[in-house]
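[1] Sequence plus the predicted model coming up.
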Amino acid sequence: MTARLDPAYRAAAVRALAGTEFDVLVIGGGVVGSGAALDAASRGLSVALVEERDFAAGTSSRSSKLIHGGLRYLEQRDFALVREALRERSLLLRKLAPHLVRPVPFVYPLRHRGWERAYVGAGVLLYDSIGGAGALPMHKHLSRRRTLELAPALRPDALTGAVRYFDAQVDDARLAMMVARTAAQHGATVLTRVRATSLQRSGGEVTGARVRDLLSGTELVVRARRVISATGVWTERLCAEAPFQVRMSKGVHFLVPRERIRLSTGLITRTEKSVLFVIPWNQHWIVGTTDTPYTADPACPTATQADIDYLLAQVNTWLREPLTRTDIVGVYAGLRPLLDGKSSETTKLSREHAVAEPEPGLFVVAGGKYTTYRVMAADVVDAATKGLGRAVAPSLTRHLPLHGAVGYRELWADRHTVAARAGLPLSTVERLLGRYGSALTDLLAMIDRDRDLAAPLAEAGGYLAAEAVYAVTHEGALDLDDILSRRTRIAIEYPDAGAAAADEVADLIAPHLGWDAHTQSAAVAAYREKNREPAPAR
């Protein structure tokens with residue numbers, strides 16, 4: 001099967017929707033929905049996945065970009081969740097996605113002497129020891145002098161020392177998309193810009209869904225023996241009778257240039273309301289996050305002036321040279337789908353997930369955290385395959401590398417030769433390997449056929465022209481937002497959401513999407529309008 005999600009694949013997939021009864025229909029193309037499609041397809045089931053917008057268009061592209069157990073969950077004594085997440089972290093680092101998930105060091109600064117070092121040290125020791133031990137280096141205790149050597153940006157009077165430990169980082173949108181590509185490689189039919197408008201029922205059971213292709217306007221009925229809803233914060237839109245509720249919590253992050261904060265390691269500390277992260281991200285730092293209840297439209301969460309002021313105040317308590325709004329290059333806001341509980345504070349709601357069958361044939365998965373997507377997917381497929389009338393294999397995904405993982409380490413070891421043959425700088429090849437893994441060979445073949453694609457984008461020089469084209473020809477991108485916001489991260493790494501790059505990217509992709517001049521111009525205008533700076537909200 002192919003993992004090439006180009007317009008021809010999409011056209012064939014739309015035709016397949018109407019003419020096939022699938023074992024499983026998955027609604028939702030975030031990391032959990034894509035994971036469920038992969039899990040089911042790898043067990044030999046026929047699978048369709050429909051997503052209204054784009055892979056990872058919601059929560060799965062707007063996280064803190066960490067694969068982690070969550071130190072704060074240890075403090076909440078949620079040991080089982082932390083253990084499970086750290087086991088998944090180890091799997092992703094070692095086997096499933098070594099091309100996308102990589103180690104990142106953090107310092108946890110200490111304000112007090114004595115008791116705080118013992119308390120934090122004990123917690124981090126437990127964190128290093130449960131689930132996936134050995135995947136990353138063990139933590140170390142640092143004096144104030146050694147902390148300031150690693151993090152000269154920190155105020156000396158703000159700390160007495162620190163504990164350094166390791167976690168892992170990921171480009172969340174790319175991993176989710178790679179999960180979907182891997183599902184397609186295993187036979188799943190995966191489609192974006194297809195909205196599930198209602199469920200189909202027969203004899204008291206859910207037997208599929210009515211869907212609309214948002215590109216053509218065509219309505220279809222997709223027949224399926226089981227339907228899985230993995231729609232995150234949209235769970236109740238499709239499944240009003242689910243036995244649990246999902247409460248939304250908003251997390252805001254902003255990016256500043258790497259040179260603006262003199263750190264050789266990430267930073268993590270607790271605040272009164274959330275966790276403060278300063279995370280290395282290519283040529284930037286990601287600063288986050290907030291954790292506030294959200295009740296507005298989940299399709300368009302935005303960062304308010306109060307959110308930015310809060311983050312600036314929190315990070316500036318630690319910095320010698322305070323950040324200001326003028327340092328901020330990009331901002332993004334995402335929503336966490338939290339299982340509802342008795343607490344009125346989202347910070348106290350569980351990140352554990354739940355699976356339910358609200359009516360025969362319909363299975364709902366909700367809650368959880370990005371790191372444990374594979375477990376969530378396996379659990380909902382386990383539930384859905386009971387009673388299918390035939391034996392179904394257990395989940396295989398803990399043994400199944402994602403697209404681009406196989407051969408990645410060999411290419412990395414040979415990267416100097418790869419760079420020389422491709423005529424690209426070594427630093428460029430290293431960056432591309434960390435985004436595509438062994439699928440880099442497809443990208444380089446495109447460049448070999450057209451050397452113009454080796455040029456950096458004029459208004460977003462951290463990316464090659466080839467990457468914009470490849471997003472359409474291989475990665476299922478259908479418009480500018482898919483490319484600028486998720487296949488690349490131009491929208492958060494460059495001012496004005498990368499609007500200056502929109503014309504050039506549109507020129508590159510128009511022939512592959514069949515756009516005429518009018519369609520291309522409208523696409524650029526729509527992107528700029530969508531990302532136009534709104535009036536500050538409070």
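    That came through, no problem.

[2] hey, where'd the helices end up in the stretch 251-400 of the chain?
    Ranges of helices in the stretch 251-400 of the chain, per DSSP state H, counting those that start in this stretch, are 305-316, 373-385.

[3] Let me see the mean pLDDT of the helix or strand that the longest one is followed by.
    Okay, so that is helix 373-385. Using DSSP states H and E, the helix or strand that directly follows helix 373-385 along the chain is helix 408-413. Average pLDDT, helix 408-413: 98.

[4] Pull out the buried residues from the helix or strand that comes right after helix 408-413.
    Scanning forward in sequence from helix 408-413 by DSSP H and E, the next helix or strand is helix 415-422. Across helix 415-422, burial judged by 16 or more other Cβ atoms under 10 Å covers 415, 418-419, 422. (Glycine included, C-beta is placed from N, CA and C.)

[5] could you say what helices and strands helix 415-422 packs with?
    helix 426-436, helix 440-449 (3 or more Cβ pairs under 8 Å, 6 or more residues apart in numbering; DSSP states H and E).

[6] Apply 6 Å and report the result again.
    helix 426-436 (3 or more Cβ pairs under 6 Å, 6 or more residues apart in numbering; DSSP states H and E).

[7] quick one: contacts of the helix it packs on?
    404, 412, 415, 418-419, 440, 443 (Cβ atoms under 6 Å, 6 or more residues apart in numbering).

[8] Can you lay out the helices of the stretch 251-400 of the chain as CSV showing mean pLDDT?
    Written out in CSV, the entries for the helices of the stretch 251-400 of the chain read as follows (pLDDT from 0 to 100):
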stretch, mean pLDDT
helix 305-316, 97
helix 373-385, 96
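
[9] Of those, which stretch is the most buried?
    Among those, the stretch with the highest mean neighbour count (mean count of other Cβ atoms under 10 Å) is helix 373-385, at a mean of 24.

[10] rewinding a little: residue 3: which of the helices of the stretch 251-400 of the chain is closest?
    helix 373-385 (17.9 Å; Cβ to Cβ).

[11] and the closest one, how far from the chain's centre?
    19 Å (Cα atoms, centre = their mean, to the nearest Å).

[12] what do you get for stretch 387-400?
    Taking mean C-alpha positions (Cα atoms, centre = their mean), stretch 387-400 and its chain are 25 Å apart.

[13] Show me the contact partners of stretch 403-422.
    Outside stretch 403-422, the residues touching it (Cβ under 6 Å, 6+ apart) are 3, 97-99, 178, 181-182, 426, 429, 433, 436-439, 444.

[14] how about it as PDB, C-alpha atoms only?
    This file holds the C-alpha atoms of stretch 403-422, laid out as PDB (Å, rounded to 0.1, in the frame of the first residue of the first chain):
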ATOM      1  CA  HIS A 403       6.800   6.000   8.300                       C
ATOM      2  CA  GLY A 404      10.400   7.300   8.000                       C
ATOM      3  CA  ALA A 405      11.700   5.500  11.000                       C
ATOM      4  CA  VAL A 406      13.100   2.400   9.300                       C
ATOM      5  CA  GLY A 407      16.500   3.300   7.900                       C
ATOM      6  CA  TYR A 408      16.700   6.700   9.600                       C
ATOM      7  CA  ARG A 409      19.600   5.800  11.800                       C
ATOM      8  CA  GLU A 410      21.600   4.500   8.900                       C
ATOM      9  CA  LEU A 411      21.000   7.700   6.900                       C
ATOM     10  CA  TRP A 412      21.900   9.800  10.000                       C
ATOM     11  CA  ALA A 413      25.200   7.900  10.300                       C
ATOM     12  CA  ASP A 414      25.800   8.500   6.600                       C
ATOM     13  CA  ARG A 415      24.600  12.100   6.600                       C
ATOM     14  CA  HIS A 416      27.800  13.600   5.400                       C
ATOM     15  CA  THR A 417      27.700  11.500   2.200                       C
ATOM     16  CA  VAL A 418      24.000  12.200   1.800                       C
ATOM     17  CA  ALA A 419      24.700  15.900   2.000                       C
ATOM     18  CA  ALA A 420      27.500  15.800  -0.500                       C
ATOM     19  CA  ARG A 421      25.500  13.800  -3.000                       C
ATOM     20  CA  ALA A 422      22.500  16.000  -2.700                       C
END
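
[15] So what's the gap between stretch 480-489 and the chain middle?
    Taking Cα atoms, centre = their mean, the mean C-alpha location of stretch 480-489 is offset from the chain mean by 13 Å.

[16] Format the helices of the stretch 251-400 of the chain as CSV; extra columns: distance to residue 222.
    Below are the helices of the stretch 251-400 of the chain laid out as CSV (distance: least, Cβ to Cβ, whole Å):
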stretch, distance to residue 222
helix 305-316, 39
helix 373-385, 15
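
[17] For residue 76, find the nearest of those helices.
    Nearest to residue 76, of those and by Cβ to Cβ, is helix 373-385 at 19.0 Å.

[18] What average pLDDT does stretch 181-188 get?
    The pLDDT scores in stretch 181-188 average 98.

[19] Please work out which residues outside that stretch touch it.
    For stretch 181-188, using Cβ under 6 Å, 6+ apart, the contacting residues are 1, 3, 37-38, 41-42, 47, 190, 402-403.

[20] Could you do stretch 98-105 as well?
    Residues contacting stretch 98-105 (Cβ under 6 Å, 6+ apart): 67, 92-93, 136, 166-170, 175, 265-266, 404-405, 408, 437.

[21] again with stretch 453-471
    By Cβ under 6 Å, 6+ apart, stretch 453-471 touches 443, 446-447, 477, 483, 487-488, 490, 494, 498, 500-501, 504-505, 508-509.

[22] I'd like the distance from it to the chain centre, please.
    Between the centre of stretch 453-471 and the centre of its chain there are 21 Å (Cα atoms, centre = their mean).

[23] Could I get the buried residue list for it?
    Buried, per 16+ other Cβ under 10 Å, within stretch 453-471: 453-454, 457, 459-460, 462-471.

[24] Quick check: end-to-end length of that stretch?
    Stretch 453-471 has its terminal residues 13 Å apart, counting by Cα to Cα, to the nearest Å.

[25] of the contacts of stretch 403-422, closest to residue 77?
    Closest approach between the contacts of stretch 403-422 and residue 77, by Cβ to Cβ: residue 97, at 29.5 Å.

[26] which one of the contacts of stretch 181-188 is nearest residue 253?
    Among the contacts of stretch 181-188, and counting by Cβ to Cβ, the member closest to residue 253 is residue 402, at 24.6 Å.

[27] Now for residue 259, how many residues are close by?
    Here the number of neighbours of residue 259 (other Cβ atoms under 10 Å) works out to 9.

[28] State the distance from it to residue 109.
    For residue 259, the distance to residue 109 equals 21 Å [Cβ to Cβ, to the nearest Å].

[29] Identify those among the contacts of stretch 98-105 that sit within strands.
    If you go by DSSP state E, those have 67, 166-170, 266 in strands.
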